[in-house]
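**Q** dropping a prediction and its sequence here:
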Amino acid sequence: MELDYLATVLLSSLSSASVLLIATVGLAIVFGLMGVINLAHGEFIMFGAYVALFATRSGVPFPLAVVLASVVTALFGAIVERAIIRHLYGRILDTLLATWGLSLVLYQSAVLIFGTVTPGVGMPQSNIEIGNYTLSTYLLFLILVAVVLIGLLYWLLTRTGYGIVARAAIQDPETAATMGIESGRINTATFALGSGLAGFAGAILLPAFPATPSMGFAFVIKAFLAVVAAGPVTLSGTVAAGGVLGSIASMTASFYTTVMGDVVFFIATITILRIFPLGISARWRLKL
Amino acid sequence: MPRVARFEPFSLIWLCGLVGLAIVASLAFDPYLAYVATSWVIFGLLGLSLDLVWGRGGILSLGQTAFYGVGGYLGSITAINCASLTGNTLIWSLPVGMATGAATAILIGGLTFYGRLGPLQTTIITYTFTLVLWTVAVSFTTTIGDAVVGGDNGMSNIPGYVLGFGHDAPLLEPGAMFLTVAVIATIAWYASHVLMRSPFGLVIDCIRMDPVKAELLGYDVRLYQLLLFTIAGAVAGLAGALFGAWANYLNPSVFSVQEALLVPIYVLVGGRGSLVGAFLGALMVGGLSFWLGGGVIGGQTTLVMGACLILLVIFLRNGLTGGLRDLAEMTRHLAMRRGEGEDDDSREPSLNVDFERLDLLRATEGEPVILETEDTFKRFGGVIPVRHVSQSFSPGRVRCLIGPNGAGKSSYLKACTGVYKPDGGSITLAGQDITKTDPFRRVRMGLGIKNQRAQVFAGLDVRRNLWVAAYSRSRDARTADWITAEMLHMLGMRNSASRPASELSHGEQQWLDLGMVLALGPDVILLDEPAAGMTNEERRQLSHMVRALARTASVVVVEHDMDFVRTLDADVTVLHQGEVFARGDIEALRQDDRVLDIYLGRHQHV
């Protein structure tokens, strides 16, 4: 096996893992800090992608469009939390069902408004050559994005008032409440953060993954399984699970088909859960 | 005696009503309506499969369409290839559909239940499993005999409903087809109904309410869940096979999210846990979309259904039948409250334990059963709550474990019950090594555990609570009836036998929990702070009971309350920092400076 081939496989699976991580981290934050799984997460990604698409089409530069998409999706998430999630606290399975309903409402609305096919954003594609192989520069850039994103989130959750309060509220809601922490507002903020991250994912991935109404489904299988495999420790658990599973699936996909990649991803998750029923991070001493 | 496994006239009425309705409908409907309505009944069957696992089992599965699709595809493939042998199509597709649906459910259920995943994780696994099947089905093409599975193009030429035998057996008319499906669905519903009224159903209800307690009563929770999941998988597979024959065509959309979404809606509309509600839900959803135009699947229906699901979950979580039941419940309560003012005296007199009956129930023969721990060791990271504890518990005298907070009493008890698996040393019960045995097996071997918090099944009445414990011991309804009656008598709870456990006072719940443990007929009884929250009179009775139990069983009491310990005349072991610190009579220990030191936090002897 040649060195350039090896490097290409390594880099492409690293970038696939990064894509997975970018698409998953919002879901993981909401699950880790609220105990809620948002089944509409994939459609929130789609939402962000469409916002970014229309922003760039009307002349907004792409980086600004990414910011705009994140903010708009975050606002949308805040509304969803106030309108739906709030009424279902303590009923996790019902929350699951309600967000599932939302997921299909968003999907079907997108089909109605945009049709099933939309052109991608016209970004110039550039490639990097490694020996005999080429890789997309943008996909390599996403590795950097994932690293910066995780770093920023770590900073947000450990060094800012919001992060510390949110983590306190999930660890011991009663004590947090007696200390004057208003869990309702924290939850709205957390859900908005998770939604904003989904919107960011949809926007930043737009040059590589064009906006379609069904694009959410492409991400959700892997994103949900990664979060379940990750377990309770939000950031590092997701990084570990996303990294391992994403790489395995990407390698399978490059040798066989993407469908095989999904199947292997599912089997790998099941295997992980057989060994660690509550996720790989269930016994870590690390708390983030 | 709870009326389990007894013939209920009420269900017969439902049965006759449904069959009658089916006949009238099939005759009155025009053929097209009969054809469409057949699919509603099939969807109702699919809803029934979810109601079994979710409404009764408490497991939200979003993968029922996976079992439905697998059963549909494989049942139909069999029918395509074999129907020409007999003429009759259903004898091929239905059994194969049921078997493959059940087999898929065993696979997924085995992985999730025996993997001990949480409820959320289980739901996500079932959901992603369906999505994975969908992506596979879209691109999967193969030819099996005469059956051509064409990926996204689907599989056509599925033979329709033929009941007769021979080559010239006719295809059923829509009306007859509706009738056939209605009869099959009624049989499936009635079988589920009878099953859920049997002791199996009662145990399933208990597992939904409190899986931990169900395991402490000696039930193999995971096996019960897997069985229920498998039965539901068979029902879903049956529905899939019926659907394949109805549509004469299957494509990967049976695995799609849009299809899966409808199933919880049927259940929610009809009311969770009612079984018959799933059919009501499917009929209503199907009927509405029929008369509003458009099929059940496709078009804007997805949008409406998604919105419906959100609204149902928020506003009508118990569905229509549930809403009606709530209404009936409310009027009953109002009526009761009106009557309550006059006969306040009918309330239960204070608890009165009948100790003669206790002895009757406790009559055990054979060797005394000894629980022994040898060098038991348990650690959590840097914390070591149990350090090499070696103790032996035998009948004769009450054994007490005392010690300050954090001494490792509860952790030690949890190691004995199997909630914690020890990292070192061994535990033996009646000479058998149980160090790695599951809690429910330890209970079956004669261990009885009463946790500090009263664990009762809030939704069941007092009698059923005791019955489910007694049944675990005997696996015989009549013996369980007898034990329950005796236990009610002994606890002095005969007058409150039909009250829901949730209505009992805190103290009564503690006694009921104790009664459940005793109904198991345990040889070794572990009690974690049994006197907590009891009145003085209740403590006195409890102390009396514990001493009486210790004559025939090995009784271990973990207790904080020294006055209570003194009344037990017990052999006391003091635990400190996970180790046995001292042992002796309570009076002797009270004189022991070292014991006083660790309780008071003085440092001379520590």
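**A** All right, it came through fine.
**Q** tell me how far the residue nearest to residue B:479 when sequence neighbours are not counted lies from residue B:102.
**A** Leaving out its chain neighbours, the residue that sits closest to residue B:479 by C-beta to C-beta, 6 or more residues apart in numbering or on different chains is residue B:470, at 7.3 Å. (Each C-beta comes from the backbone N, C-alpha and C, glycine too.) Counting by C-beta to C-beta, to the nearest Å, the gap between residue B:470 and residue B:102 amounts to 31 Å.
**Q** residue contacts, residue B:373?
**A** Contact analysis of residue B:373 by C-beta atoms under 8 Å, 6 or more residues apart in numbering or on different chains lists B:389, B:390, B:391, B:392, B:412, B:415, B:416, B:425, B:426, B:427, B:428.
**Q** who's in contact with the helix or strand hosting the first one?
**A** Read it as residue B:389. Per DSSP states H and E, residue B:389 falls inside strand B:383-393. Residues from elsewhere that reach strand B:383-393 (C-beta under 8 Å, 6+ apart): B:370-379, B:399, B:406, B:408, B:411-412, B:415, B:422, B:424-425, B:524, B:554-556, B:573, B:575, B:577-580.
**Q** just the ones of the residues you listed in helices?
**A** B:411, B:412, B:415 (DSSP state H).
**Q** pretty sure the last one sits against residue B:376.
**A** Put plainly, it is residue B:415. Yes: Residue B:415 is in contact with residue B:376 according to C-beta atoms under 8 Å; the separation is 5.6 Å.
**Q** what's the neighbour count on residue A:244?
**A** 17 (other C-beta atoms under 10 Å in any protein chain shown).
**Q** where's it relative to residue A:269, distance?
**A** For residue A:244, the distance to residue A:269 - C-beta to C-beta - is 10 Å.
**Q** can you map out the helices along the stretch 1-150 of chain A?
**A** A:3-34, A:41-57, A:62-83, A:92-114, A:137-159 (DSSP state H, counting those that start in this stretch).
**Q** what angle do the first one and helix A:92-114 make?
**A** Counting by axes from the mean of the first three to the mean of the last three C-alpha atoms, to 10 degrees, helix A:3-34 points 120 degrees away from the direction of helix A:92-114.
**Q** need the pLDDT of residue 286.
**A** Because you didn't say which chain, this covers chain A. As predicted, residue A:286 sits at a pLDDT of 66.
**Q** the chain in question should be chain B.
**A** Residue B:286 is given a pLDDT of 83.
**Q** can you give me the strands in chain B?
**A** B:141-144, B:147-150, B:371-380, B:383-393, B:399-402, B:424-429, B:432-433, B:447-450, B:524-528, B:554-558, B:571-576, B:579-585 (DSSP state E).
**Q** in its sheet, what does the first one sit against?
**A** Listed by DSSP bridges, the sheet partners of strand B:141-144 and their directions read strand B:147-150 (antiparallel).
**Q** ok, which residues in chain B are in contact with chain A?
**A** B:60, B:62, B:111, B:115-121, B:123-125, B:127-129, B:131-132, B:135-136, B:138-139, B:257-258, B:261, B:264, B:268, B:300, B:302-303, B:305-310, B:313-314, B:317, B:381 (C-beta under 8 Å from any C-beta of the partner chain).
**Q** which one of the ones in helices among the contacts of strand B:383-393 sits closest to chain A?
**A** Nearest to chain A among the ones in helices among the contacts of strand B:383-393: residue B:411, at 16.9 Å, using C-beta to the nearest C-beta.
**Q** the helix or strand encompassing residue A:241 near chain B at all?
**A** Per DSSP H and E: residue A:241 is located in helix A:234-255. No: Helix A:234-255 does not reach chain B (C-beta under 8 Å from any C-beta); its nearest approach is 11.6 Å.
**Q** for that helix, packing partners?
**A** helix A:3-34, helix A:137-159, helix A:215-230, helix A:258-275 (3 or more C-beta pairs under 8 Å, 6 or more residues apart in numbering or on different chains; DSSP states H and E).
**Q** and the contacts of the second one?
**A** The contact list for helix A:137-159, computed with C-beta under 8 Å, 6+ apart, reads A:11-12, A:14-15, A:17-19, A:21-22, A:25, A:29, A:123, A:125-128, A:162-164, A:166-167, A:197, A:200, A:204-205, A:207-208, A:234-235, A:239, A:288.
**Q** next, the angle helix A:234-255 makes with that helix.
**A** Using the same axes, to 10 degrees: helix A:137-159 against helix A:234-255 is 160 degrees.
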